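>>> starting from these lines, generate the structure:
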Amino acid sequence: MTLATTQPRAERPPIPAWAAGTAARPGLERQLDHLDRAIDAARTLGVATDAAARVRDDAAARLGYPADVYVLALVGGTGVGKSSLLNALAGTRVSPASVRRPTTDRPVAWVPGLSRDELAGLFDWLDVAEVREHDDTDALPIAILDLPDMDSVDAAHRDRVEAVLPKVDAVAWITDPEKYHDAALHDGFLREWLPRLATQAVVINKADRLDTAAAESIRGDLERDLGRAAPGHLGGRIPVLVGSALPGDERLGEVVEWLRSAVDAKRVVRARLVATITAAIDELARAAGIDPLIAATAILDPVPRRLAIEAVTADVLRAIDLPGLQRQSVAATRARARARGTGPIGLITSAIYRLSGREARVADPGSYLVRWRDRGPLGPAVESLRRALVEPIRAAAPAVRPALAAAVEPEHLRAGLATAIDRAVAQSDRSVPMSRVWTVIGTLQTIATTATILAVAWVVVWILARPPVDVVELPVLGSVPIPFLALVASLATGYVLARLLGIHAGWIGRRWAARLRAAVHDAVGERLREQALAPLDRLEAARRALWYAARSAGEDARRD
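This is a model prediction of the structure:
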């Protein structure tokens, strides 16, 4: 039987030139990139990727074999006449045929003789040992496989069909007027495989038993079933052919014409790989609860996310104890002011304050921040996060729920929050502020202290030696000697300077405490936004990557 001519052999780079496509077509390399990204994203989400990985491996393997001839598998149930149909197409007995029992127990290949040697590796990969060749130089570039019955009583037959189907380039699903609604065909194979094949047809064999009206009625039924099973199929409408294996029956012509419509073997192979890869990516996306035709949505919507971060930030800041941090900051500023602004006596009291350990307890905001774990637990903050994610976990696809639940595991969240707080504390500026005013007050306080010492000495001398001194008449007090007035004046000056120092240091300290508190508040909030939901963000990034891969693969496949 004359069908068509063969195509010249293509080069075989890692992605063969015949498979790469033109500038107008994205090419298999891009589709394989989509698949790799989809597999990586699905693994992050906890979706099983074994089937997709097998698709990738099978695609890579098929690209390593010639594509001058494509492989068409005849698939059907017991007694539908697959072998008879092949024999009718070949015009000779290629495969043994029988209606009584499963006859074909191993795949049988019918190939152009000129291509047998170069296809030997491909047949080894397909595990097809029985190869029949023909010498028709005008034959189509097709290797036709007669597969075992998919509904055989021998389970090994179905296993062989399922092992070969992922590797062939096109399929003709063979049925007959009795089995065209068979669940083994529709539920066991068509529902799964229709989306994965670009070149395929359903053949109603034994049409010689039907009149034209009955044959068309069955064809219409099958077309409707296929439209529901594979909506939006990449190859368009899946053809339903009416055929007969009887010698001379003109109804075989529909099958022959369909075969003639796919004479470009490279295009058939490439289209099959594109369809299979696209279907594998789509299955990963749908297992993750992602519809590539609908705009991607966040696992946790922006408003609940913001509210959750605000609640967590408030809980964390309560654990840090910002009011206590403010008291420590003001105390630290006043301690620094005393050291610089109280003169010689202040140096002594500051040293006692520091050496006694009191300064470290009540005037060290840096250490107070670092010791935040001693003051408050992170349990409330962890629970705030978990409450925010209860609904997203419940609404997630079953395959993704374990990964989401692990992302909000309490110990994991607690560790992430602690890390965020530590980093926020580390980046805060905890250096105690200084003021030149303190130095000026310190100089004046030194002068006042010296004056006090001199006044005390003068009073002592006056009391002991009673030298003549001037007096000042004061209301109520009467006559007051100058040495006493000098002592009172110096003490009063020191007191006023000390009060001024305390007021100024308190003002500076409160301003610094406000800045430090705001800095810690902002740093904690920023770190929490970056890290508190980091596990969820990794899942979100994977989800977006999977959506993008599925969306892009579908668009590229439709353009292709």
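
>>> what ranges does the stretch 1-150 of the chain have for its strands?
Using DSSP state E, counting those that start in this stretch, the strands of the stretch 1-150 of the chain run over 70-76, 108-112, 130-134, 142-146.

>>> looking at the ones you listed, spot the one closest to residue 197.
Across those, residue 197 has its closest neighbour in strand 70-76 (9.8 Å, Cβ to Cβ). Heads up, the C-betas are built off the backbone N, CA and C, glycines and all.

>>> re the thing from before, need the strands of the stretch 1-150 of the chain in TSV (columns: mean neighbour count and mean pLDDT).
Below are these laid out as TSV (neighbours: other Cβ atoms under 10 Å; pLDDT from 0 to 100):
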stretch	mean neighbour count	mean pLDDT
strand 70-76	26	92
strand 108-112	23	89
strand 130-134	17	87
strand 142-146	26	91
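
>>> save the ones you listed as CSV, and put in distance to residue 188 too.
Below are the strands of the stretch 1-150 of the chain laid out as CSV (distance: least, Cβ to Cβ, whole Å):
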stretch, distance to residue 188
strand 70-76, 11
strand 108-112, 22
strand 130-134, 25
strand 142-146, 19
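
>>> relative to residue 74, how far out is the closest residue to residue 205 other than its chain neighbours?
Nearest non-adjacent residue to residue 205, counting by Cβ to Cβ, 6 or more residues apart in numbering: residue 81, 4.4 Å away. Per Cβ to Cβ, to the nearest Å, residue 81 is found 10 Å from residue 74.

>>> overlap of the contact sets of those two?
Common neighbours of residue 81 and residue 74 (criterion: Cβ atoms under 8 Å, 6 or more residues apart in numbering): residue 174.

>>> phi first, then psi, for the residue nearest to residue 205.
Dihedral angles of residue 81 (phi, psi; degrees, to the nearest 10) stand at phi 90, psi 30.

>>> surely it and residue 172 touch.
No. Contact between residue 81 and residue 172 fails when scored by Cβ atoms under 8 Å: they sit 11.7 Å apart.

>>> the more surrounded of these two?
Taking other Cβ atoms under 10 Å, residue 81 and residue 172 do not tie; residue 172 has more neighbours (27 against 23).

>>> how close does that one sit to residue 181?
18 Å.

>>> then residue 320?
From residue 320 across to residue 181, the span is 70 Å (Cβ to Cβ).

>>> what about the strands in the stretch 351-500 of the chain?
For the stretch 351-500 of the chain, the strands defined by DSSP E, counting those that start in this stretch cover 471-474, 478-481.

>>> JSON lines please, covering those and showing mean pLDDT.
Shown next, in JSON lines, are the strands of the stretch 351-500 of the chain (pLDDT from 0 to 100):
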{"stretch": "strand 471-474", "mean pLDDT": "80"}
{"stretch": "strand 478-481", "mean pLDDT": "81"}
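
>>> for the stretch 451-560 of the chain, give me the ranges with low pLDDT.
Across the stretch 451-560 of the chain, the ranges flagged by pLDDT under 70 are 560.

>>> helices along that one, start to end?
482-531, 534-559 (DSSP state H, counting those that start in this stretch).

>>> what helices and strands are in contact with the longest one?
The reference is to helix 482-531. When contacts are defined as 3 or more Cβ pairs under 8 Å, 6 or more residues apart in numbering; DSSP states H and E, helix 482-531 sits against helix 302-320, helix 322-341, helix 365-370, helix 410-427, helix 436-465, strand 471-474.

>>> kindly format the C-alpha coordinates of the last one as PDB.
Just to be clear, that refers to strand 471-474. Once non-C-alpha atoms are left out, strand 471-474 reads as follows in PDB (Å, rounded to 0.1, in the frame of the first residue of the first chain):
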ATOM      1  CA  VAL A 471      28.700  90.300 107.900                       C
ATOM      2  CA  VAL A 472      25.600  90.700 105.900                       C
ATOM      3  CA  GLU A 473      22.300  91.700 107.400                       C
ATOM      4  CA  LEU A 474      19.500  89.400 106.200                       C
END
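
>>> output the contacting helices and strands for that strand.
Where contact means 3+ Cβ pairs under 8 Å, 6+ apart, strand 471-474 is packed against strand 478-481, helix 482-531.

>>> most neighbours per residue, which of these?
helix 482-531 (a mean of 18; mean count of other Cβ atoms under 10 Å).

>>> run the chain-centre distance for it.
50 Å (Cα atoms, centre = their mean, to the nearest Å).

>>> got the angle between that helix and helix 436-465?
In terms of direction (axes from the mean of the first three to the mean of the last three Cα atoms, to 10 degrees), helix 482-531 departs from helix 436-465 by 150 degrees.

>>> any regions of this protein where pLDDT drops low?
Low-confidence segments of the chain (pLDDT under 70): 1-14, 16-26, 97-105, 137-138, 152-153, 184, 231-236, 353-360, 560.

>>> please repeat the previous calculation with a cut-off of 50.
1-13, 22-25, 99-102 (pLDDT under 50).

>>> return the residue of it that is most distant from the centre.
Each residue of the chain has a distance to the centre, and by Cα atoms, centre = their mean the biggest one is for residue 468: 95.2 Å.

>>> tell me, how many residues neighbour residue 156?
Residues lying near residue 156 (other Cβ under 10 Å) number 11.

>>> now do residue 177
Using other Cβ under 10 Å, residue 177 has 15 neighbouring residues.

>>> that one looks like it's in a strand, true?
No. According to DSSP: H, G, I helix; E, B strand; the rest coil, residue 177 belongs to no strand; its state is coil.

>>> surely it and residue 203 touch.
No. In this structure, residue 177 is not within contact of residue 203 by Cβ under 8 Å, at 12.0 Å.

>>> about what we covered before: now render the helices of the stretch 451-560 of the chain as a markdown table, adding distance to residue 398.
Converted to a markdown table, the helices of the stretch 451-560 of the chain look like this (distance: least, Cβ to Cβ, whole Å):
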| stretch | distance to residue 398 |
| --- | --- |
| helix 482-531 | 28 |
| helix 534-559 | 15 |
